[in-house]
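>>> Sharing a model prediction with you, sequence too.
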Amino acid sequence: STYASFLALKYNEIARPAHCGRILFLGACVVEDVSPAREYVGERRYFVEKPLPPGEFIKFSNNTGYWNERHMDETLLRFSAFTHDTTSGYIMLTDLQGIKQGNDFVLT
């Protein structure tokens with residue numbers, strides 16, 4: 001999540017064409033839901049990211065080459081290519097999922 005957020009920030013600053021939306025990744029942190037009743041039965045619940053804004057959650061792509069053609073967007077294609085190019089092929093963010101808000105994307 002830290003790498004994805006950093007690369008999204010750089011993409012938005014230096015590489016995003018004006019007609020494409022912005023990319024934002026939700027920050028991740030671990031939160032434990034402490035409940036004596038659940039603890040008594042051996043259950044613990046953990047959450048690892050902030051809630052998404054309202055909207056339809058969409059799986060845009062995965063890391064095996066699949067792209068959801070119904071929701072394919074130039075912004076996401078350019079962002080994935082940017083992550084590959086800017087890291088000299090070390091990282092390519094492709095498992096993109098989240099919410100589209102206007103032209104912008106809030107991803108997990």
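Yes, it's here.

>>> Give me the sheet partners of the helix or strand harbouring residue 31 and which way each runs.
Assigned by DSSP states H and E, residue 31 falls within strand 28-33. If you go by DSSP bridges, strand 28-33 pairs up with strand 45-49 (antiparallel).

>>> if we can go back for a sec, which SSE is immediately downstream of the strand holding residue 31?
Counting by DSSP H and E, what follows strand 28-33 is helix 36-40.

>>> Go through that next one and flag the buried ones.
By 16 or more other Cβ atoms under 10 Å, helix 36-40 has no buried positions at all. For every residue, glycine as well, the C-beta is placed using N, CA and C.

>>> Which elements pack onto that helix?
Helices and strands touching helix 36-40, by 3 or more Cβ pairs under 8 Å, 6 or more residues apart in numbering; DSSP states H and E: there are none.

>>> Quick one: distance of it to the chain centre.
Centre-to-centre, helix 36-40 and its host chain are 33 Å apart (Cα atoms, centre = their mean, to the nearest Å).

>>> Other residues contacting it?
44, 45 (Cβ atoms under 8 Å, 6 or more residues apart in numbering).

>>> model confidence over that helix, on average?
Averaged across helix 36-40, pLDDT comes to 73.
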